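Undergrad: My questions concern the predicted model and sequence given below.
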Amino acid sequence: MTSVIFLSILMTFLFTCNNYAFVQHLITLLSSEFEVRDLGNAYYFLGIEVSPTSTGLMLSQHKYDLDILHRVGMSSCKSIDTLFSTSKIGL
C-alpha cells in the first residue's frame with residue numbers, strides 16, 4: 001500500500017511517500033501542468049528540520065528555537081527541566 005503525505009503552503013509543495021516511483025510519477029504529472037522544480041530531499045522546510053530515520057522522518061523545530069534564543073540574546077543561557085507536569089492532568 002502506498003502512503004502519501006502532501007503539504008502545500010503558498011505554492012510550495014512537499015511530497016513524501018514510501019514509494020519513490022509514485023513520487024516521480026506525481027512530479028511528472030504536475031510538470032505537465034505547472035512549472036515544477038524537484039529540489040530533492042527536504043532538510044529544512046518552513047522552519048521545520050526534516051531528518052530521515054530508519055522508521056520514517058523526524059520533524060523538529062530545534063533550529064527555530066535556537067534562532068529565537070539567539071535573537072533575544074539568550075543563546076548562552078542554561079536550560080532547565082520543565083516546571084510543568086508532563087503527565088496527563090485530569091480536570
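TA: Looks like it arrived, so ask away.
Undergrad: Leaving out the residues flanking it, which one is nearest to Leu30?
TA: Closest residue to Leu30 apart from its sequence neighbours, by C-beta to C-beta, 6 or more residues apart in numbering: Val36 at 5.1 Å. Just so you know, the C-beta spots here come from the backbone N, C-alpha and C atoms, and that holds for glycine as well.
Undergrad: mind checking which helix or strand of this structure has the lowest mean pLDDT?
TA: Least confident element among the helices and strands of the chain, by mean pLDDT, DSSP states H and E: strand 4-9 (a mean of 57).
Undergrad: so where's the chain uncertain?
TA: Scanning the chain for pLDDT under 70 picks out 1-12, 82-86, 88-91.
Undergrad: In three-state terms, label Glu49 for me.
TA: Secondary structure for Glu49, judged by DSSP: H, G, I helix; E, B strand; the rest coil, is strand.
Undergrad: looking at the sheet around it, what are its partners?
TA: Following DSSP bridges, Glu49 is listed with bridge partners Tyr44, Ser60.
Undergrad: This protein: strands as residue ranges?
TA: 4-9, 12-17, 44-45, 48-53, 56-60 (DSSP state E).
Undergrad: Tabulate those strands in TSV, adding columns for mean neighbour count and distance to Cys77.
TA: As requested, these are exported to TSV (neighbours: other C-beta atoms under 10 Å; distance: least, C-beta to C-beta, whole Å):
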stretch	mean neighbour count	distance to Cys77
strand 4-9	11	32
strand 12-17	14	33
strand 44-45	12	24
strand 48-53	13	21
strand 56-60	11	20
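Undergrad: quick one, what contacts Tyr64?
TA: Listed by C-beta atoms under 8 Å, 6 or more residues apart in numbering, the contact partners of Tyr64 are Gly47, Ile48.
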